[in-house]
Every structure is written in C-alpha cells, then in structure tokens.
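Novice: predicted structure and sequence below. I'll ask about it afterward.
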Amino acid sequence: MTDFSVVGKPLHKVDSLSLACGTARYTSDYEIHEPLYLVFAYSNVAHGDILSVDDAGAREIDGVVDVFHSFNTSSDLFTTAGQGYPEPSPYDTRLFNKRVRYVGEIVAAVVAESRSVALAAAKAIKIEYSELPTLFDPERSREKDAPCLHGEGAFAPLPVPYRPEENVAGEVLFSFGDPEKGFAEADFIVDETYRTHYAAHCAMEPHAASAFFDEKGRLVIVSSTQVPFHARRTVSKITGIPARMIRVVKPRIGGGFGSKQEIILEPYVALAAWKFKRNVKAELERSEVFTTARTRHPMRVRIRTGVKNDGTVTALEMDDVMNTGAYGAHALTVLSNAGSKVLPMFNKIENMAFTGRAVYTNLPVGGAYRGYGATQGYFAFNQHMDGIARRLGVDFLEFVKRWHIREGETSEVFKAIGEGTEGVDQTIKSCKLDECIDRGAEEIGWKRLRGKKISRGSVVKGVGAAISMQGSGIPKVDMGSASMKMNDDGSFNLYVGATDIGTGSDTILSQIAAETLKVPLHMIFILSSDTDLTPFDTGAYASSTTYVSGQAVLRCAQDIRSQILSVAAAMSGSAPDDLALKENGIAVNSKTGEELPFDRIACFSMYSHDQFQIQASASFTGSESPAPFMAQFAEVEVDTETGRVRVVKFVSAGDCGRPLNPTLVEGQIEGATLNGISYALTEQYLFNSKGKMTNASFWDYKIFGTLDLPVMKTIVVDSDEPTGPYGAKSISEIGINGPAPAIANAIHDAVGIRMNELPMTPEKVLRALRERGEREGGA
Amino acid sequence: MKGTFFVNGRAKEWSFVPEATLLDVLRANGHSEVHRGCDEGVCGTCSVLLEGVLVNSCQVFAASVMEKEIETVAGIGTIHEPHPLQKAFVESGAVQCGFCTPAMILAALALLRKNPNPNDKEILSALDGNSCRCTGYVKIIEAVRLAARRMSSHD
C-alpha cells in the first residue's frame, strides 16, 4: 500500500484552535455598522387566507422602519431548498404567502433600529385570517375530501411528478423483475408498516444572516449557510437584486446537519437592506428554529416481502408516504433516498417495487436532515429484515450477509432512482460491510447477549443491529471547484467553494492538497465559501465534500505539482520527468541529486525567468456515488415496569474508504450516532389540535447530554475506493441511520415487542408491553 | 444604566438597559466568544464563569453582577498561548463546529479547578449542562481527561 504522509493521519482540525480560543467568528459575531434588526411575525393558524394585515400599530412605534408583508411585498414562487439549478423541489412558496399553511409560517417582517423595538412591533401587527379546513394526517392527504393546500400556480421547475391538486409534492415509482410473480412464489409474506416522526436538527447556532454594503455599494450577505452559492442565486431571483451585486460570505458555522441547506433568512435581510440601503441583521430564536426552520420529514413506510422457507427473498415492495409539511422543500429527493439509498442494500432480490409519495399537510416544513430519507427507510428496513430472519430461525447478521451488496456488484435501483432525474448506473468498488458486521458484533458481544434476555428485576437486556449504506455526493449533479496559488515562501493558498459547517472539510481538503504537494499541513492556507473569492461548489450536503470537492482539490494540486516540477526542471536544466517531489516541499533532480526547495522554485517563477505565478484551478463532478457502509449495534436495557429504554452500549463500525483523517471520521460517526439515538428515544414534535408545536424549546425537546451517554465505540474499517481522492468515500451522514432500528431490534430481542413507530418513548414501550401481555393473556 | 464588570481580569465600564442579560452585554461589547444558543438557560452555550462559578449568561441580569469577576474562554488562553484545556480540545478532536466549545471548556475548567483528578462520572456530571450536537461528546470527554492529566502533572 502506498505510504502517505498527510492523509490518513489524525491531524488537528485546521480551524480548531481558533474555535477553542473564541477568535473564530460566526455570522452574528460580525460587527455591522448601525444595523437595522429584522424580526418576523408568524401565522398562528394552520391554514387560512390572510384577509388583512393591520400594521399601523407597529409602524407607530418609535424606531420602526418598515413592515413587510403579503399586501405590500410580492415575490415570484420559489423553493427555499438550497439545491442545484433548476431545483428538484417545487416552486410553491413566496416571501409572504397570502394563504398560510402552517402555524409558524412567516407572515410579516419588521425592520427597526433595535431588536427590542422590532420584537414589540412584530407583536403589534394584527392579522385577520379566513380559516380553511386543515390537513394534519399525511395518510389522508390524497383522499377526495382532503383540503387542497397548493392550487395557485405552484409548479415543479424540473419535469418531475408534481400534482398539487392531489397534495402530491413529489412521487417516485419504479419496479423491476416481476414482483407479482415473486410474491406468488413465496411461502410466506411479511407485511409491516413503520412510522418515523418529525425531528429538529438542533445545530447549536440558530440560523442567522446579516446584510451590509461594502464600500462600492455591493451587498454582502454573511450567513449561517451550507449553500452560499445557491443562496446568492436564490436571493437574486426572488428579490431582483442582480447577482453580480451580491456577495455571500460563509463564516464559521455552528452546525448544520441539513438545516442550513435552506434559503430562509437571506432574502429578507437582502430585501430590507436593498430597499433602505442600510445594513440589516437577523437571528432566529431557538423556538423559531424549531417551528419555522426545517425538520426531518416524517414517513410512513410499508414493506411487503415474499420469502421462501429456505430463506430466499422472492419479492419486496416498499410503499412510502412522506409528510413534507406545508411546503415541498427537498420533498422529492428525500423521498427518493428512502428507496435509492436503502433498496440497493439487498441487491440480490430479483423482484422489487417502490412507490413513494411526498404529500402536503398543514404542519412544519420538512427539509434536508443528515441521512436524508435513508434514515427513515432504514428504520423500517432493518426491523423488517430482523423480523424475517427471526421467523426463518436464522441469525440476523447471517441473513444480512447472504443478501447484501458486495464489491463488484450493482443494483437495478441505482439506475432507477436519482435525485429528481433517473439514476446513474454504478458498480460497488469498495465494500467492507462484512468486516464492519464481524468487528461490530465482536465488540458488542453479539453471541454472548443475543437472545439471552438477561434480566435483573424488571430490567431485561437485549442486543440489536442495523446496517446501512449512503452515498458520496449526487452523481452528475454535485460539482466542486478549487483553485490554488503558490506563494514565494513555498506556502499555498487553497480556495474552495466547499462549505465547512463544522464537519472538518477545510482540514480534509487541505490534507489532500498537502499530500499531493508533499508539504506539511501548515503550509496550506484554506479559504472556503465566499462567492467573490472562491470558486463555485454546490455546497455542504449529500455527503459530497470529501469525495466531490476532494477530487477538485486533488486535480488542482496535481496541476500545481506539475507546474512546480516544470519550473524546477528549468532551474536545474533537466526534463520535468527527471524531477520528483520529496517530503517537506522539495523537488529533487533524480539525475543530479540536486534539491530545490519550494521557496526557491516559487521565487524563481515569480521573479527570475519567464515569470508567472504557479497557480491552478479545477472542478469535479462525480460520475458515480460510492457508498459508505456501516453496521451498528445497540445493547439496551428495557424496564418492563416503566417502559424506559436505556442504551447501555452502542457500537458503530463503518467503511468510508480510506479515512483521510481518522479522528474526524470518528467524530462524524460519533456525532451522527448520538443524534440518532436521541432521535430514536426522546426527540419529538408535539402538536396541539390546531397544529401548533407545543414543545418548541430545549426544555421540552430533549436532546442527549453527557449524562444520557451510552458507552460509545467507533470502529473505522479501512477500505480503498478506487474512484475516491486517496481512496476516500464520504462519512458525514450514514451514522444516523442505524441507531433507531438497532435499538428497536434490541428492544425486540429483550422483550419481544416491535416498536414500529418512533420515537420509542417509555409510554409507547409500556403500551406495547401491555398489549402483548393482553394478547398472550387472551390467547 | 452603567456598571463596571471585571472581565478576564480587566475592569470594563459598560452602559446597558436594565433588562439586559449578561450575555447581551458581553456580546454587545465585543465578547463574541460567548455564544447565544437558546436564550432559555438549557444548552449552556453561553456559559461563563461568574466569580469562578459556571453560569448561563443568558439567565443572569447584567445589573445583578456589576463589580463581579467574569471569565470567558478568551481570558483563559489565547490563540498564541492557549490554555491546556484549549490545547487538549484541539488535540483530541473535541472541536467540530466549535459553537459549544468555549462554554464546554469553561465547564471543564470549573470542574478541574475544584477537582483536578476527576473520574469519568464526575466529568460527565460537570458537562451535563452543556449541549453539543456535533461530537457525541466522546472526544470532549477524552479532551477533559487529557487536560486533567497534563494540568495535574504540571501544577
């Protein structure tokens, strides 16, 4: 194996000391000269037409500059989803809709000289609604008498299924083989329905955006965004401000997880700033992040599987109804992923069908969330397969090994589903899932604990497992770019469009450049995501940065390397082929042994002869999306008296190709895993009968803290992805897919109940235990 | 109103409205290392040390802590001379997005000042008021262990 000096090493994150010392700046830390403050007013009805907006009281308050709303501000239809252009999400919303569709929808924006004045003014706005019948149950959305949420011109900019008259925001249908024949051949059919719930990302930094004018009168938007380039495009489109007059700057971002792959605040601050030629700041409160920013789409997943007694799976049908809430942000693509990231896993099933519909309801808006539909799909898939394995009397892990996709294999699903378009055929070139399963099973003590139901008083122990795969970017859609220049001391500036939102991508991309140029990491200075200064990138989503943006950096650095070798050759009077790089930035002439350090090469090219600056740029779009794989294991204790489930230990074993920075890889897996455990057990949106979220607070929406932690073990299984930069695949999302099903399977192992509905709260566990008791008692 | 605060060892005289929280006043006066996470006293992102005690600065009225000693993460070490905890967080990979990090480091510092050799249970208890969504806490706990080892062997 090739010996690397920078990639594969647990080097320190390049921005971490500034973050630990408090010098790094987030959006709200930018000092903006005499800003106006922008604050929103929200709909308190779930569905209704706005008859009037009385803003007189608000405007009377001293310090109020303006109040924007649907009666004085129009915009074209657009989507808030920060995706490639044209977006696969429907254009179904405006800056201020005259018809509101959920409690928490933005109905007005106040700008004022202080935040407290803006808040007071927002409260003083009086809005008269004509309420409309509400639709809260996604499974009723397509019924004839269900209220229709979107009628007035909403459309899909891509040629994709979109039927607002049926409340269908997106539809994905495909099948291959002959499912009917497959079911006919089965000895038994397992038909189960699973439900996943609304969840919030809970990035510690609430959404924020500031707009200010530079000395030339251009508008600079600093935003907590995962998609600065999409943000500029969308802001320009909605506000009419020419894109050339807008610069979007991404500072440090306090976590995203998908929540900031959305254009929420930027158009409003831009609109107000442009109108008054004043600087404007906006920052959401935590409760607003819960209700008005984005959520994980809830999903009902029904799986029917035909099985022969010898364990052959003859057919599988997955039927998903996804609740996209009031607007269709990411609806089609999250829905697609519930099939496209899940069904290839068992690629040996010859007959498959997928029916997916994303439907509108009068509830909060779904969006991108780490896992992006795969999380919902895998919750169902893993429990379903665990149930089938039990019925067959075989070990779940052995059953998985018989059916899962392997190196050199493909799946019909890859071709069938893409993101809004048809998919991209691909062969899996790296997959160490078996090793993940074996090492994870060993670590959790699978053989020792599985099926043993070890109990102590009312507490019973169980273990469960789950497997998953994700992708590395969206093939033929995601594009990353990089440029680089060499300085006269032999250091390099690296400019990338890729957006580090806390993931460590600045570090990974710097490592790729440093490895290619054989310099230590501290010789690379990276600047990411500034629409004026860096080249384009689609953004931080879809597990794309390491794989897609990483290839752009690799190509760019390779170009720089060949320029360095050419200059060195000229300096030493040899052919470039005689020159090679060695560690610490030195070019060596293999014929003469002469060593030319990078600072001399750079100075030579800048000052001495045929002067030019050594610099390059490159772009990359993946033609495939190699999947990372993961096996996850939960050891749980179920208290049969209280219904409480405690995760004692959790093991994640993942294959992301060659881990370019093992510490950062572990960090991604650990963070995703704990988020997944918390999602499975405690996090949930509670709504009253009017569709209002009643727990929009960290007091009542429980995310895990240190005292809730299980013992966490992370195993990074090396593989080598031949299409990846230095053998890497991506890793940021996959870890969130396994916790919920692994815990559900562990609960079943302990006490024999199936938790088909998330979250698995003590109430639900207790109810399921009682129902089982009654069933058994009655039988 | 006006008041004097001893922030990171220096006296600061600041004007503020009576209902301003300590978080408001610190951020309004350039202490952007103190972050606003929830403004409701749960997530701990805004924690500072008040007379050595860890508090959520969003829940403290500035008017109630005039003349008091306040420490933020910028006071315990700098990018050129970091504190052992800051170094340990960097070396352990405990910093991802970094938004919770300054407060997390202060929570750890409050613990280590009282208890230089904490066991894991004591570390977990000390950090429970500080939420992190990126790391799963694993490497944060490793960082506190590492800093404790180094600080007690040097002191």
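Specialist: It's in.
Novice: tell me the SS of the residue in the stretch 451-600 of chain A positioned nearest to chain B?
Specialist: Distances between the stretch 451-600 of chain A and chain B by CB to the nearest CB are smallest at A:G502, namely 2.5 Å. Yep, even glycine has a C-beta here, placed from its N, CA and C like the rest. The assignment at A:G502 comes out as coil when based on DSSP: H, G, I helix; E, B strand; the rest coil.
Novice: quick check: it touching A:F257?
Specialist: No. A:G502 is not in contact with A:F257 according to CB atoms under 8 Å; the separation is 9.2 Å.
Novice: what does the stretch 551-700 of chain A put close to chain B?
Specialist: Residues of the stretch 551-700 of chain A lying close to chain B (CB under 8 Å from any CB of the partner chain) are A:663-664, A:666-667, A:670-675, A:697-699.
Novice: among those, the buried ones, what's the ChimeraX command?
Specialist: Selecting the buried subset of these in ChimeraX, with 16 or more other CB atoms under 10 Å in any protein chain shown as the burial test, is done by:
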select /A:663,664,666,667,670,671,672,673,674,675,698
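Novice: using a markdown table, please lay out the residues of the stretch 551-700 of chain A next to chain B together with secondary structure and pLDDT.
Specialist: Shown next, in a markdown table, are those (DSSP: H, G, I helix; E, B strand; the rest coil; pLDDT from 0 to 100):
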| residue | secondary structure | pLDDT |
| --- | --- | --- |
| A:T663 | helix | 98 |
| A:L664 | helix | 98 |
| A:E666 | helix | 98 |
| A:G667 | helix | 98 |
| A:E670 | helix | 98 |
| A:G671 | helix | 98 |
| A:A672 | helix | 98 |
| A:T673 | helix | 98 |
| A:L674 | helix | 98 |
| A:N675 | helix | 98 |
| A:S697 | coil | 98 |
| A:F698 | coil | 98 |
| A:W699 | coil | 97 |
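Novice: ok, the residue of the stretch 451-600 of chain A closest to chain B - contacts?
Specialist: With contacts taken as CB atoms under 8 Å, 6 or more residues apart in numbering or on different chains, A:G502 has the following neighbours: A:R252, A:I253, A:G254, A:G255, A:G256, B:Q96, B:C97, B:G98, B:F99, B:C134.
Novice: low-confidence stretches in chain B?
Specialist: Applying pLDDT under 70 to chain B picks out residues B:154-155.
Novice: now swap in chain A and tell me
Specialist: Answering for chain A: the residues below the bar, that is pLDDT under 70, span A:1-2, A:420-421, A:778-779.
Novice: contacts only, for the residue of it positioned farthest from its centre.
Specialist: Most distant from the centre of chain A: A:T592, at 52.2 Å, with distances by CA atoms, centre = their mean. Taking CB under 8 Å, 6+ apart as the criterion, A:T592 is in contact with A:S572, A:S574.
Novice: repeat for A:G306
Specialist: Remark: with contacts taken as CB under 8 Å, 6+ apart, A:G306 is in contact with A:G182, A:F183, A:E185, A:A186, A:F188, A:I189, A:V313, A:T314, A:A315, A:L316, A:N351.
Novice: among those residues, which two are most distant?
Specialist: With distances taken as CB to CB, the most widely separated pair in the contacts of A:G306 is A:F188 and A:N351, at 15.6 Å.
Novice: give me the more crowded residue out of the two.
Specialist: A:N351 (20 against 12; other CB atoms under 10 Å in any protein chain shown).
Novice: so who does the more buried one touch?
Specialist: A:N351 sits next to A:S175, A:F176, A:G177, A:D178, A:P179, A:K181, A:G182, A:F183, A:G306, A:T314, A:A315, A:L316 when contact means CB under 8 Å, 6+ apart.
Novice: longest helix anywhere in chain B?
Specialist: When chain B is parsed with DSSP state H, its longest helix is helix B:138-154.
Novice: which strands or helices does it pack on?
Specialist: Helix B:138-154 sits against helix A:662-681, helix B:84-92, helix B:101-114, helix B:120-127, with contacts defined as 3 or more CB pairs under 8 Å, 6 or more residues apart in numbering or on different chains; DSSP states H and E.
Novice: switch to 6 Å and redo it
Specialist: For helix B:138-154, the elements it packs on are helix B:84-92, judged by 3 or more CB pairs under 6 Å, 6 or more residues apart in numbering or on different chains; DSSP states H and E.
Novice: contacts for the helix it packs on?
Specialist: If you take CB atoms under 6 Å, 6 or more residues apart in numbering or on different chains as the criterion, helix B:84-92 is touched by A:12, A:16-17, A:20-21, B:77, B:95, B:105, B:108-109, B:139, B:142-143, B:146-147, B:150-151.
Novice: could you rerun that using 8 Å?
Specialist: For helix B:84-92, contacts defined as CB under 8 Å, 6+ apart pick out A:12-13, A:16-17, A:20-21, A:663, B:73, B:76-77, B:82, B:94-95, B:101, B:104-105, B:108-109, B:112, B:139-140, B:142-144, B:146-147, B:150-151, B:154.
Novice: thinking again about what came up before, just name the closest of the contacts of A:G306 to A:S617, please.
Specialist: Within those, the smallest distance to A:S617 is 45.8 Å, found for A:L316 (CB to CB).
Novice: A:A740 - that's part of a strand, no?
Specialist: No. For A:A740, which was evaluated using three-state DSSP, the result is helix, with no strand membership.
Novice: can you report how many residues lie near the spatially closest residue to it that is not a sequence neighbour?
Specialist: The spatially closest residue to A:A740, leaving aside those adjacent along the chain, is A:A680, at 3.8 Å (CB to CB, 6 or more residues apart in numbering or on different chains). Using other CB under 10 Å, A:A680 has 29 other residues around it.
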